[in-house]
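> okay, predicted coordinates and the sequence, questions at the end:
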Amino acid sequence: MTATAYKVRPGGSRQLAGTGTLLRFALRRDRVMIPIWVGVNALMILSMPNTLENLYATPAERADLIQNTATNASFRALIGPVFDDSIGALTAWRVGVYAGALAAVVSLLLVVRHTRDEEESGRQELVASGMVGRRASLTAALLTAAVANAVLALLVTAGLAGQGTSGALALGLGLAGVGMVFATLAAIVGQFTESARLARGLTAGLLGAAFVLRAAGDSASDDGSSALTWASPLGWLENLRPFAEERWWVLLLFAGAALVQGVVAYELAGRRDVGMSFLPARPGPALGRLGTAGALAWRLQRGSVLGWSIGFFLAGVVYGGLTEGAADLVGDNENAREIFERMGGQSGLTDAFLAAMIGMLGLIAALYVVASVLRLHGEETSMRAEPILANAVGRLRWAAGHLVIAFAGSALIMLLAGLGFAVGYGKEVGPILAACLVQLPAIWLIGGLTVLLYGVLPRAAMAAWGVAGAVLLIGWVGPALDAPQAVLDLSPFGHLPKLPGGEMEWGPVLALLALAAGLVAAGLAGLRRRDLTT
Amino acid sequence: MTKAITVSGLHKSFGKTHALDGLDLDVETGEVHGFLGPNGAGKSTTIRVLLGLLRADSGAVQVLGRDPWTDAVEVHRRIAYVPGDVTLWRNLSGGEVIDLYGRLRGGLDSRRRAELIERFELDPTKKGRTYSKGNRQKVALVAAFASDVDLLILDEPTSGLDPLMEEVFQRCVEEERDRGRTILLSSHILSEVEELCDRVSIIRKGRTVESGSLADLRHLTRTSVSAELAGPPNGLSHLPGVHDLDVQGQRVRLQVDTDKLDAVLRSLSESGVRSLTSTPPTLEELFLRHYQADLSEVAR
């Protein structure tokens, strides 16, 4: 036996050696993440026909909807144009952009997780020292994303086949196409940064840009023909026109873009060293000014606070701009009005729309508070908390730094969302700000629950994401499905006064605040008593 | 008050695993104390209890005269800790981390900080991820040696340092001792411990098996003797404390319990000694003896 059998030729097939093993390994590591993400996305899509049948039961109502989207540019910017009045076409219209964006997010997370994350943590060195080809890791990462997207396409095709097989297939393939375009884009971005966090942020920023391009194009034209829409992969999805005389050739755009980006990613990856990047990390100061645990916490979280602040302010501006048009759009549709009123409140439609949108931002702010509180958990499990706590810093002081950012930060982003509404809508500034701030007791309750889990059951701290997800599901899907009150009551957001328009009720607000404070106190007491995770 | 650390009968379990099973440890103020044991013996667990990061199940623990669990912050003001595996924040430079740690302790001597950065050849402007393992350890070591504290707790601090830096580290430890600071040094590098430590404690399976000065410990162990005699040896095999006796004509090799050495020498000189070498046991032999007790238990 000689060693020649294993000789590696440049460009030879040994560059892919080990891909299969790495792919199986990646799928094993993601055995929870992929099913949940893909399942939630598919569920959102497959539940839509039912909702739409209830909302727009008669052809007249559907014709009305088409007429309205054709004339309302801001609504087209948000969701896109409608191409046909069948339930299938309406489903593709209603979910397309958002399901596509979610598929893109899942894909970019998967690719960065299996490429740049591995290099940054140093695990890649160990893997690459095995019988693993130079291109195997990137290939396995892209295949992992391909598996997730293929499963999504399969579920969507099978689940919507009742609305028309070819439309269902087109939508499924289109969503997978968006996913793979952003998977390969993430592969390129990952060559430029040493930090996985930065690679994720930049790729998500490009996804945001694709959304804005499509939104601008769709507000300018009512049939997706704007050049701006064609410049965005999310615009290709609507121009594929599922359930409305599909244009199959648009799939070639997805395939072509994914192919070109994939080639570029491999070319770049082949020209750099493991762990290095084309944009090297800049050196930092030789002398530090950080002097307290609180200052450290702010330094670690300030980037994310800034990102959330900008996002919430812009969301406020966009939804504020839509408020006038929303009343026209929903106008005579009794069912849609009912859903909005169930989501938002009981009075006039404008107030109900505002309350529904502000409530939705409140639900999203719950994700911020969970992420921010769980920074404590991340610091502890990565062993960075240990040397800090070996200094003259008490556990409570250390935790307080992060918790202040979590709790005050959620107030800040809700306030900025309110200011965004003031810019976009321009009326009722006081009541809208009050409506934004009245979300805080429910947001803080979720934050308090996260502190409790972290403090008392650190192994189960990640379950806080499950709680936030359940609350999000109840808040988003509950009213549309006319869920029983007992289910809606499970979410703290269900107990908030319906502002603007409704009555301010101090009882539930104070009760939620007291409960949140109690949860934080109990969590901190647990943290003080327990062993640090080692 | 002369004890920097006193631990007696310390127990700590994680679920069904008994990490510490009645451990004792005494560290005098102003000494360099070596803390030895095979992997998994409970060294790091003990150190985390000393830092108040883990709570003892039972047993008495005092660090600088206080309970590290209830008075963690007060104790930590006078302690600098260097973990074996230093993790840094990816977006903070080494210099920032050194200053942060310094301020979170009793304070930092900036002249000493500059001198140490120079001696350890550390670039303080690089950011967390770009440091190698050894350089990450240097960040923590500079922060510890430049801090104004009474007790240094070092958990395998040199596992990533090259021999030159190891030398710098040893000089620094000696300087700290000369300033009257106490150092608890957990290490696998036995030559380092032999060079630096006044006293050592060896632990195994969560218990202290030996503790004392190196001279004390040597006394309990065997000395190797090899001699060339004028005549055939006589009666050596009957002497108490003699092991591994190997006689080839007039050449003799043997191991003897150090406290029985006198009788062996007398017996040898009765036969007439032409040449004699006697080697005191190294720390490594001491350590291996306890370690091999583990192995033989496994074999059984």
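That came through, no problem.
> against which helices or strands is the longest helix that chain A contains packed?
In chain A, taking DSSP state H as the definition, the longest helix is helix A:293-330. Under the contact criterion of 3 or more Cβ pairs under 8 Å, 6 or more residues apart in numbering or on different chains; DSSP states H and E, helix A:293-330 touches helix A:59-71, helix A:73-79, helix A:334-344, helix A:349-381, helix A:395-425. To be clear about C-beta, it is placed using only N, CA and C from the backbone, and glycine gets the same treatment.
> what angle do whichever helix or strand comes after the last one and helix A:349-381 make?
In the C-terminal direction, the helix or strand that comes right after helix A:395-425 (DSSP states H and E) is helix A:429-437. What separates the directions of helix A:429-437 and helix A:349-381 is an angle of 40 degrees, with axes from the mean of the first three to the mean of the last three Cα atoms, to 10 degrees.
> for helix A:429-437, give me every contacting residue.
Contacts to helix A:429-437, defined as Cβ atoms under 8 Å, 6 or more residues apart in numbering or on different chains, come from residues A:354-355, A:358, A:361-362, A:411, A:414-415, A:417-419, A:421-422, A:425, A:499-501, A:504.
> and residue 27, what does it touch?
Using chain A here. A:34, A:144, A:147.
> other chain: chain B
Applying Cβ under 8 Å, 6+ apart to residue B:27 gives the contacts B:3-6, B:33, B:182, B:184, B:199.
> emit the PyMOL select command for whichever of those residues are buried.
Selection of buried members from the contacts of residue B:27 for PyMOL, criterion 16 or more other Cβ atoms under 10 Å in any protein chain shown:
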select buried, chain B and resi 4+5+33+182+184+199
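> relative to residue A:374, which of the contacts of residue B:27 is nearest.
Of all the contacts of residue B:27, residue B:184 has the smallest distance to residue A:374: 33.7 Å, by Cβ to Cβ.
> and the helix or strand where the closest one lies, anywhere near chain A?
Using DSSP H and E, residue B:184 sits within strand B:182-186. No - if you take Cβ under 8 Å from any Cβ of the partner chain as the test, strand B:182-186 misses chain A, and the best it gets is 12.7 Å.
> in chain B, which spans are strands?
In chain B, the segments counted as strands under DSSP state E are B:3-14, B:17-28, B:32-36, B:58-63, B:79-82, B:151-155, B:182-186, B:199-204, B:207-213, B:222-229, B:242-248, B:251-257, B:273-279.
> most tightly packed of those?
Comparing the strands of chain B by mean neighbour count (mean count of other Cβ atoms under 10 Å in any protein chain shown), strand B:79-82 comes out on top with a mean of 28.
> returning to that earlier point: tell me the most buried of the helices and strands packed on helix A:293-330?
Burial of these is given as mean neighbour count (mean count of other Cβ under 10 Å); helix A:349-381 ranks first at a mean of 23.
> pLDDT averaged over it - what is it?
For helix A:349-381, mean pLDDT rounds to 90.
> is it positioned near chain B?
No - interface with chain B: helix A:349-381 contributes nothing (Cβ under 8 Å from any Cβ), its closest point being 9.0 Å away.
> rewinding a little: which of the contacts of residue B:27 sit farthest apart?
Pairwise distances across the contacts of residue B:27 peak at 13.6 Å for B:6 and B:199 (criterion: Cβ to Cβ).
> which ones are touching residue A:235?
A:210, A:213-214, A:217-218, A:224, A:228-229.
> same question for residue A:314.
residue A:420.
> hmm, residue B:54 is touching residue B:48, no?
Yes - contact criterion Cβ atoms under 8 Å: residue B:54 and residue B:48 qualify, at 4.5 Å.
> circling back: quick check, nearest of the contacts of residue B:27 to chain A?
Using Cβ to the nearest Cβ, residue B:184 is the member of those that sits closest to chain A, with 12.7 Å.
> bridging residues for that closest one?
When bridges are called by DSSP bridges, residue B:184 pairs up with residue B:33, residue B:153.
> quick one: it from residue A:88, how far?
The spacing between residue B:184 and residue A:88, counted by Cβ to Cβ, to the nearest Å, is 72 Å.
> can I see the domain layout of the chain?
Here I'm looking at chain A. Listed by automatic domain parsing, the domain ranges of chain A are A:15-273, A:292-534.
> actually, chain B is the one I wanted.
B:3-217, B:222-280.
> which bits of the stretch 151-300 of chain B sit near chain A?
Counting by Cβ under 8 Å from any Cβ, the stretch 151-300 of chain B comes close to chain A at residue B:153.
> for chain A, what's the nearest residue on the stretch 151-300 of chain B?
Across the stretch 151-300 of chain B, no residue is closer to chain A than residue B:153, which sits at 7.8 Å (Cβ to the nearest Cβ).
> surely that residue meets residue B:51?
Yes - the pair residue B:153 / residue B:51 is scored as a contact, 7.0 Å apart, by Cβ under 8 Å.
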